[in-house]
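Enquirer: Fold the following and give me the result.
(one chain, ligands or ions: 4)
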Amino acid sequence: MLYRSNYLKRIVNINLTAFVLQYVYIMAGTINRSTFLMVWRVKYEKITGISGCGGSFNLDWWCWLNWPGADQRSGFAFFMGNFPRAEKYRPNFASGSSVIADVNNDGVNEVIVTGNVYDCEDEYISKYIGPFIFNGDRSRFKDSRYNWESAPKDSGLPLEEDYSVIEHIQPNPKVIDLDGDGEKEILYSSYDGRIHCYWLDKQEHHNWPYEVSDPEKSYIEFSSVPEMVDIDQDGLMEIVVSTWTNKQSGINGRVLLFDHKGNLLAQIELPDSFHKGQGNGALACPLVEGIDNDGLYEVVVNSVNSGFIAYDIEQN
Ligand SMILES: [Ca+2]
Ligand SMILES: [Ca+2]
Ligand SMILES: [Ca+2]
Ligand SMILES: [Ca+2]
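Expert: Ligands and ions are numbered 1, 2, ... in the order given. Below is the predicted model:
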């Protein structure tokens, strides 16, 4: 267990000159050695000169450690300091799938993932879902024009993470060239109620992100993994998502169609639920295909409460 504590006296007694104290942690009692090592490893990079019991400084960190022996499972440790964001914020890649694609069109594939970035210092608080690009050797993507060694930050705080309130978002990225310039863009839906779209310059251009969940409304609305198809075959992708709302709202989700700039071209509300009094929604990524040989695309949606639905897409 990791506890925060005011164990100032003891630390001050050792030496605490010109040091900004922000947090003190105590890990005490009988602890699991692997837990200890995990915490230790996270902090170790910033600690110099530790040997057995003792203290050591650098500009940002201080640590005092008592570990009775390598085979023993009891001991305690203190970690303190004004932890920099780079040490506190960690992405967890558990909830979004990865995509292998050649983002910069140089003939070499990259790996694109979205991560839920947590502030790991306190209570593992979700801060945003961000995109990351890796090379095949797991290093961060960088070429002569674009540098993803530092990924885009702070795309948006979660509106809700409790699936008893609203079903979880799946932030699976879609990686495709939306605007026909040969370089790929990264789209994903996020728990901040928006659809994000990043270009390789790490910016969201045009009217992205699109706010699916309207802050003026009394309910939350999340969107599916986006599907992209060039519906009118003009070389520019169109984007389709389906949506759902929080369970108590009773409000039906929608199907939304966008152009590559994040402009809403069309929308339709899902039909009412087969079960009276319940709202309807569609969590799965919609399918955009021609299903009836009329030469035009349909959007096929797997709804929560009214079966499969197919919509014609009519061009104005
Ligand atoms: Ca590449
Ligand atoms: Ca592009
Ligand atoms: Ca198009
Ligand atoms: Ca058709």
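
Enquirer: give me the element the residue positioned nearest the centre of the chain is part of.
Expert: When CA atoms, centre = their mean is applied to the chain, the residue found nearest the centroid is Ile129 (2.1 Å). Applying DSSP states H and E as the criterion places Ile129 in strand 125-134.

Enquirer: can you pull the buried residues of that strand?
Expert: Lys127, Tyr128, Ile129, Gly130, Pro131, Phe132, Ile133 (16 or more other CB atoms under 10 Å). Using the backbone N, CA and C atoms, a C-beta is placed for each residue, glycine as well.

Enquirer: Now do the helix or strand following that strand: everything it contacts.
Expert: Under the assignment DSSP H and E, the closest C-terminal helix or strand after strand 125-134 is strand 174-176. Contact with strand 174-176 is made by 99, 101, 103, 112, 184-188, 225-228, 237, as judged by CB atoms under 8 Å, 6 or more residues apart in numbering.

Enquirer: nearest to His168, of these?
Expert: Val225 (12.0 Å; CB to CB).

Enquirer: shouldn't that closest one be in contact with Ile195?
Expert: No. Val225 lies out of contact with Ile195 (CB atoms under 8 Å); the separation is 10.0 Å.

Enquirer: ok, those two, which is more surrounded?
Expert: Ile195 (25 against 22; other CB atoms under 10 Å).

Enquirer: Could you identify the helix or strand that succeeds the helix or strand that that one is a member of?
Expert: For Ile195, the host element (DSSP H and E) is strand 194-198. Counting by DSSP H and E, the element after strand 194-198 in chain order, helix or strand, is strand 210-211.

Enquirer: Which residues does that following strand contact?
Expert: Counting by CB under 8 Å, 6+ apart, Gly193, Arg194, Ile195, Phe258, Gly262, Leu264 sit against strand 210-211.

Enquirer: Kindly recompute the last result at 10 Å.
Expert: 156, 187, 189, 192-197, 204, 221, 223, 226, 239, 241, 256, 258, 261-264 (CB atoms under 10 Å, 6 or more residues apart in numbering).

Enquirer: now those: which count as buried?
Expert: Once neighbours are counted (16+ other CB under 10 Å), the buried part of the contacts of strand 210-211 comes down to 156, 187, 189, 192-197, 204, 221, 223, 226, 239, 241, 256, 258, 262.

Enquirer: that older thread, can you tell me which of the buried residues of strand 125-134 lies nearest to ligand 4?
Expert: Among these, Pro131 lies closest to ligand 4 (CB to the ion), at 33.0 Å.

Enquirer: Next one: that closest one relative to ligand 1, how far apart?
Expert: Separation of Pro131 from ligand 1 (CB to the ion, to the nearest Å) stands at 15 Å.

Enquirer: Nearest residue to that residue in space, please, no chain neighbours.
Expert: The shortest distance from Pro131 to any non-neighbouring residue, by CB to CB, 6 or more residues apart in numbering, is to Ile186 (4.8 Å).

Enquirer: For the one you found, list the residues it contacts.
Expert: By CB under 10 Å, 6+ apart, the neighbours of Ile186 are 99, 101, 103, 112-114, 131-133, 152, 173-176, 178, 196-200, 202, 204.
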